[in-house]
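Asks: What shape does this take:
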Amino acid sequence: MSIRNYLAGLALLLGTQMAQAQSHSLVDRNRSSERANVFLFQSVDGEFGKVQKSFKSQPEAVNQTWRGYGIRNGVGIELFKFTQFSLSHTLLNMRSRDTSLENMRGSKLSGEITFAFSAPITNIQFGLGVIASQMDYQNYDKSGAYVGTGHYYNMGFNYFLSQMFSVQVIGKHSTIRHSASGGSLDLQEIQTSTDSLSFGLAIWI
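Replies: Numbers count the residues shown, from 1 in each chain. Presented below is the predicted three-dimensional model:
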C-alpha cells in the first residue's frame with residue numbers, strides 16, 4: 001500500500017467517524033475505569049534528526065541530518081483510564097539529506113508505558129519506551145545490516161470521536177545505537193537522535 005493511499009483511507013474513515021461524533025468530554029466521561037480497555041492503533045510517522053556514523057578506518061565520526069517516514073501498528077491495554085502498556089511495530093524508511101542514494105530501511109519493535117490525563121478538549125498523555133531495531137543500510141552500491149537498541153519519550157493528544165474510535169497526535173524523541181551485524185562495510189556504528197510526529201487512529205475494543 002502506498003503512503004498516499006493509506007492517508008486517503010485514513011482520512012475517509014476519520015471523516016465518517018467525525019460525522020457521527022459526540023463531544024470528546026462526554027465520550028471520555030462515559031468510558032469505564034473499572035475494567036481494562038484494550039486498543040489497537042495505527043499511525044503515519046514523519047521522522048527527522050541527526051545521524052552519527054563511526055568507521056573502523058578513521059577516528060573521527062561523521063555527522064549528518066536524515067529524514068524519513070514510517071508506518072506504525074500496535075496493540076495496548078489501558079488500566080483505570082490512566083496507565084497504558086503497549087507494543088508496536090514500525091516499518092521505517094530513512095534517507096540522508098546529503099544524497100538520495102544513502103538510505104536505511106528496516107523495522108523497530110517498541111514497548112511503552114504511557115500515563116494519560118483526562119481533559120475537556122482532548123486527553124493529554126506522556127510516555128516512555130524502549131526500542132529494538134533492525135536496519136539495512138545502503139550507500140550507492142554498498143550495503144550492510146545493523147541491529148540496535150535505544151529508548152524514547154513522547155507527549156501526545158488523544159481525542160475521542162466515539163466509544164470505539166480516537167484520533168492520536170504524538171511527538172516523540174528517540175535515541176538508538178546501531179552496530180554492524182552483516183556486510184563488509186567500513187561503517188561500524190550508527191547512532192541516531194531523531195524527533196518524530198505521528199498522526200493516527202486508535203480502535204478501542
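Asks: Looks to me like V27 is in a helix.
Replies: Yes: under DSSP: H, G, I helix; E, B strand; the rest coil, V27 falls within a helix.
Asks: Going by residue numbers, what spans are strands in this structure?
Replies: All strands of the chain, identified by DSSP state E, fall at 37-55, 62-79, 83-96, 102-117, 123-139, 142-160, 165-183, 187-204.
Asks: gap between the second one and the chain center?
Replies: Yep, that's strand 62-79 we're talking about. Here the centre of strand 62-79 is set off from its chain's centre by 2 Å, with Cα atoms, centre = their mean, to the nearest Å.
Asks: One more: stretch 35-43?
Replies: For stretch 35-43 - counting by Cα atoms, centre = their mean - the centre lies 15 Å from the chain centre.
Asks: ok, now stretch 169-185?
Replies: Centroid separation for stretch 169-185 versus its chain: 13 Å, with Cα atoms, centre = their mean.
Asks: Just the buried residues of it, please?
Replies: I170, K172, S174, T175, I176, R177, H178, A180, L185 (16 or more other Cβ atoms under 10 Å). Where you see a C-beta, it was placed from the backbone N, CA and C, and this is true even at glycine.
Asks: re earlier: so which of the strands of the chain comes closest to R29?
Replies: strand 142-160 (9.8 Å; Cβ to Cβ).
Asks: still on that earlier bit, can you convert the strands of the chain into JSON lines and add a column each for mean pLDDT?
Replies: Converted to JSON lines, these look like this (pLDDT from 0 to 100):
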{"stretch": "strand 37-55", "mean pLDDT": "94"}
{"stretch": "strand 62-79", "mean pLDDT": "94"}
{"stretch": "strand 83-96", "mean pLDDT": "95"}
{"stretch": "strand 102-117", "mean pLDDT": "95"}
{"stretch": "strand 123-139", "mean pLDDT": "94"}
{"stretch": "strand 142-160", "mean pLDDT": "93"}
{"stretch": "strand 165-183", "mean pLDDT": "92"}
{"stretch": "strand 187-204", "mean pLDDT": "94"}
